[in-house]
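Undergrad: predicted model and sequence below, questions to follow.
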Amino acid sequence: MTVVSKHNAEHYLWGDNCDGWHLASSERLSVIQERVPPGCQEARHLHTQSEQFFFVLSGCATLEVNGEVFELSAQQGKHVAANTPHQLKNLADQDLHFIVTSTPPSLSDRQLLEE
């Protein structure tokens, strides 16, 4: 069994110059490490089936969950229940690095919302 890290995981780009690395991917679980540069964000959305846990490795995340805003710094995390509108932003002046765990995987379960 291979030990996984962002150095040997499948890499992809999203949004404006954001990175993602698939650390674990199965039919029931997704674990992704992501990097979000200063001033970047994901679109506001929800997942009808998937619940997620966001855990900040370094930097600061602004996570809006169902209208409530949370500031997460290194070594802090937040659970987002299924069917809950949310949006992650990096409003700080340094890169944001975090892990997002989804069960089941959220890729095909994403519904964009108007901002």
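TA: Everything's here; your move.
Undergrad: tell me which element the spatially most central residue of the chain is part of?
TA: When C-alpha atoms, centre = their mean is applied to the chain, the residue found nearest the centroid is V100 (4.4 Å). Using DSSP states H and E, V100 sits in strand 96-103.
Undergrad: just the CA coordinates for that strand, please, in CSV.
TA: Below are the C-alpha coordinates for strand 96-103, written out as CSV (Å, rounded to 0.1, in the frame of the first residue of the first chain):
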residue,chain,number,x,y,z
LEU,A,96,-4.9,29.1,2.4
HIS,A,97,-4.2,25.3,2.7
PHE,A,98,-6.9,23.0,4.0
ILE,A,99,-8.3,19.5,3.9
VAL,A,100,-11.9,18.9,2.9
THR,A,101,-13.4,15.5,3.7
SER,A,102,-16.7,14.5,2.0
THR,A,103,-18.9,11.5,2.5
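Undergrad: for it, give the mean pLDDT please.
TA: Averaging the model's pLDDT scores along strand 96-103 yields 98.
Undergrad: what pairs with the helix or strand just after it, parallel or antiparallel?
TA: Note on strand 96-103: by DSSP H and E, the next helix or strand toward the C-terminus is strand 110-112. Here strand 110-112 is paired, per DSSP bridges, with strand 45-47 (antiparallel).
Undergrad: now what about the strand it pairs with, what contacts it?
TA: For strand 45-47, contacts defined as C-beta atoms under 8 Å, 6 or more residues apart in numbering pick out 82-87, 102, 106, 109-113. For glycine as for every other residue, the C-beta is placed from the backbone atoms N, C-alpha and C.
Undergrad: show me which of those residues is closest to Q49.
TA: Checking these against Q49 by C-beta to C-beta gives D109 as the nearest, at 4.9 Å.
Undergrad: quick check: the residue nearest to the centre of the chain vs K78, distance?
TA: Distance from V100 to K78, counting by C-beta to C-beta, to the nearest Å: 10 Å.
Undergrad: which residues do those two both contact?
TA: By C-beta under 8 Å, 6+ apart, V100 and K78 have these common neighbours: F53, F54.
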